[in-house]
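**Student:** take this sequence and fold it.
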Amino acid sequence: MPLHPNSLYYGDNLEVLRNRDDFPNDSIDLIYLDPPFNSKRDYNVIYKTPAGHDSDSQITAFEDSWRWGEQAEREYLELVRQPNTDLSELIQSLRKFLKETDMMAYLVMMANRLLEMHRVLSPTGSLYLHCDPTASHYLKIVLDGVFGKENYVNEIIWQRTNAHNMATKAFVRSNDTIFLYSKSGNFLFNTIYTDYGPEQLKRFKEDESGRLYKAENLTFSSKSGTRNFDWRGTRPPENRSWGASFEQLEKFYEEGRILLKKDGTPRLDGLKIYLDETKGKPLTSNWTDIDRVGNTAGERLGYPTQKPLALLERIIQASSNEGDIVLDPFCGCGTAVHAAQKLNRKWIGIDITHLAISLIEKRMKDAFPGISFEVHGVPKDFDGAMDLSGRDKYQFQWWACSLVNAQPYQGKKKGSDTGIDGLIFALEDPDEAPKKIIVSVKGGEHVGSAMIRDLKGVVEREKAIIGLFVTLADPTRDMIKEASSAGFHEIGAMKYPKIQILTIKGLLEGRERPEYFDQHIVKGSGGFKKAKQESTVKKSRLPFKSVGGESIAAEEES
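**Tutor:** Coordinates of the predicted model:
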């Protein structure tokens, strides 16, 4: 079966990728992954109210920590027994050194997933792994074991921020590392050019026609039997050769591109390169021109560790062509799939939280109105909802909140139950603060009127205007009666039930929806920030394509 391009998958990326019907061998053109770095931090998502202020609602997006346990031991044994014996021996050696530590659990998790990524990557494909110094040295060894050390291409240093005046007993860290590996020596690479800086521009001067040019060497630093000849009274120095054929040198001369000495012979550093014909400066592996997504950046959506769109655009431009398939198996807030769509690539994203998948759905629809894509692994019917509720209470709650356009409330795995699972901020009057709507989700088989009374109390305590009771089970007659007794929230001539009972089945089938007034076009838009709508496809500066990482442009300039 073919891939499902332009798709989001909810689930553990190891299990998703192991489905060979959906992910056959050699089917992906480019993989970018920004996995958790084992920093032992919990990353919280901060939501915005419709007025743009931080709300009192936040939820743990992911727990960036790993522990050695039953799952790590099971995945370790899988690695030891799989066919790549080099990786098997490497993992065993790492365990002897690291023992059963958190770092070893992290590397085992990454190695198993990298094996599947290697399997699905096409022979001309590339993989970019984004990491920081916490585990980068170990990850590079694991990458060597999975891809082969001969397929290491680059270590890219991204200076994501300028150094700050921080008091620290070390050099202030301001960069991340991005490892680039290929599936084979026949990988696709598009050379990217950047504009010349002020210092490079100083090398250019005007010729007699007023055009800006710089002088480049006519030779290169190796000896070639076919390019070591006399030309117009000049011969290359020892251990150097002409950088072009005799015919090309003559062509340069006829075009007036050769600077001459006083005696009329060609200068060895005399090839005129005109600024208006150059493609810019070939991009190096040190990227200092892309800033991180700052706290006040327009593209910030509120997701932790969000990477700038420009960074992903550069990676996708360099290692794929239009129509190619880009995979992000740790897709977070969806920057990679956003960049892929913008640059006319196909894409697949995988994440283990419904929170991330819901955010990406909203982001893509905001940025690309009318876009069509599939979402796999999320409940699409009542049976799927029941299954999710039984497997993971919190993922079910997050998913149920998305059905009513609510934002999940707080890091619910920590702390007491406040009776709030989600929040909606409705803007009834532009001159007033947004009004709060409480969402309570119940995934069990048994519900009763006491739960409705509890919700009424929470609505009163929180000074909310409405309470939504979202239930997997059908409400009882007493529950409906109890909800009715709460009365109405009135705004002008409009009345909305103060307590509203909504069933998962009714929401999925489109028969039920929450009722409230909101000035915003999209109800409940007080969650994640809205992504900017994309109107044009960004064009890249990609004059040449190359295969095997060999820069054609560099050869032409030599």
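**Student:** residues contacting Val404?
**Tutor:** Applying C-beta atoms under 8 Å, 6 or more residues apart in numbering to Val404 gives the contacts Gly422, Ile424, Val439, Leu468, Val470, Leu502, Leu507, Arg513, Pro514, Gly524. Where you see a C-beta, it was placed from the backbone N, CA and C, and this is true even at glycine.
**Student:** which ones among those residues lie within helices?
**Tutor:** Among the contacts of Val404, the ones falling in helices (DSSP state H) are Leu507.
**Student:** just the contacts of Val404 now: which is nearest Leu143?
**Tutor:** Gly422 (40.0 Å; C-beta to C-beta).
**Student:** now tabulate the contacts of Val404 in JSON lines and tack on pLDDT and neighbour count.
**Tutor:** Formatted as JSON lines, the contacts of Val404 follow (pLDDT from 0 to 100; neighbours: other C-beta atoms under 10 Å):
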{"residue": "Gly422", "pLDDT": "89", "neighbour count": "27"}
{"residue": "Ile424", "pLDDT": "89", "neighbour count": "29"}
{"residue": "Val439", "pLDDT": "95", "neighbour count": "29"}
{"residue": "Leu468", "pLDDT": "97", "neighbour count": "26"}
{"residue": "Val470", "pLDDT": "96", "neighbour count": "26"}
{"residue": "Leu502", "pLDDT": "96", "neighbour count": "22"}
{"residue": "Leu507", "pLDDT": "93", "neighbour count": "17"}
{"residue": "Arg513", "pLDDT": "93", "neighbour count": "14"}
{"residue": "Pro514", "pLDDT": "94", "neighbour count": "22"}
{"residue": "Gly524", "pLDDT": "38", "neighbour count": "23"}
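**Student:** next up, phi/psi of His70, please.
**Tutor:** Check again: residue 70 is Glu, not His. Glu70 adopts backbone torsions of phi -60, psi -40, taken as degrees, to the nearest 10.
**Student:** strands of the stretch 401-550 of the chain, residue ranges please.
**Tutor:** 407-408, 422-426, 435-442, 466-471, 488-491, 494-497, 499-503, 545-547 (DSSP state E, counting those that start in this stretch).
**Student:** just say which of those strands is most tucked in.
**Tutor:** Per-stretch averages of neighbours, counted by mean count of other C-beta atoms under 10 Å, single out strand 407-408 among the strands of the stretch 401-550 of the chain, with a mean of 29.
**Student:** hang on, Arg300 packs against Lys307?
**Tutor:** No: Arg300 is beyond contact range of Lys307, at 11.1 Å (criterion: C-beta atoms under 8 Å).
**Student:** out of those two, which sits in the busier spot?
**Tutor:** The neighbour count for Arg300 versus Lys307, taken as other C-beta atoms under 10 Å, is higher for Lys307 (23 against 17).
**Student:** which residues touch that one?
**Tutor:** Contacts of Lys307 (C-beta under 8 Å, 6+ apart): Asp34, His130, Arg292, Val293, Thr335.
**Student:** for the closest residue to Gln159 other than its chain neighbours, grab phi and psi.
**Tutor:** Counting by C-beta to C-beta, 6 or more residues apart in numbering, Gln159 lies nearest to Thr288, which is 4.5 Å off, once chain neighbours are set aside. When read as degrees, to the nearest 10, the backbone of Thr288 gives phi -120, psi 0.
**Student:** was I right about Thr288 contacting Thr161?
**Tutor:** No: between Thr288 and Thr161 there is no contact, the gap being 10.6 Å when judged by C-beta under 8 Å.
**Student:** which strands and helices sit next to the strand or helix carrying Leu312?
**Tutor:** Using DSSP states H and E, Leu312 sits in helix 309-319. Helix 309-319 sits against strand 28-33, strand 121-131, strand 188-190, helix 335-342, with contacts defined as 3 or more C-beta pairs under 8 Å, 6 or more residues apart in numbering; DSSP states H and E.
**Student:** try it again with 7 Å
**Tutor:** strand 28-33, strand 188-190, helix 335-342 (3 or more C-beta pairs under 7 Å, 6 or more residues apart in numbering; DSSP states H and E).
**Student:** okay, these in a markdown table with mean pLDDT, mean neighbour count and distance to Gln92 next?
**Tutor:** Shown next, in a markdown table, are these (pLDDT from 0 to 100; neighbours: other C-beta atoms under 10 Å; distance: least, C-beta to C-beta, whole Å):
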| stretch | mean pLDDT | mean neighbour count | distance to Gln92 |
| --- | --- | --- | --- |
| strand 28-33 | 98 | 26 | 24 |
| strand 188-190 | 97 | 21 | 34 |
| helix 335-342 | 97 | 26 | 33 |
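**Student:** low-confidence stretches in the stretch 51-200 of the chain?
**Tutor:** 51-66, 162-167 (pLDDT under 70).
**Student:** where exactly do the strands run in it?
**Tutor:** 54-64, 121-131, 152-159, 175-182, 188-190, 193-194.
**Student:** quick one: the fifth one to chain centroid distance?
**Tutor:** Going back to what we said before, that points to strand 188-190. 20 Å (C-alpha atoms, centre = their mean, to the nearest Å).
**Student:** so what strands line up beside that strand?
**Tutor:** When pairing is defined by DSSP bridges, strand 188-190 lines up against strand 545-547 (antiparallel).
**Student:** need the nearest residue in space to Lys393, chain neighbours excluded.
**Tutor:** Nearest one to Lys393, counting by C-beta to C-beta, 6+ apart, is Gly443 at 6.4 Å.
**Student:** dump the residue contacts of the one you found.
**Tutor:** Each residue near Gly443 by C-beta atoms under 7 Å, 6 or more residues apart in numbering is listed here: Ser389, Lys393, Phe396, Leu472.
**Student:** now for those residues, which pair is the farthest apart?
**Tutor:** Distance extremes for those: the farthest pair is Lys393 and Leu472 at 11.2 Å, using C-beta to C-beta.
**Student:** and the two? Which one has more around it.
**Tutor:** Leu472 (20 against 15).
**Student:** so that one makes contact with Gly384?
**Tutor:** No: applying C-beta atoms under 7 Å, one finds Leu472 not in contact with Gly384, separated by 11.3 Å.
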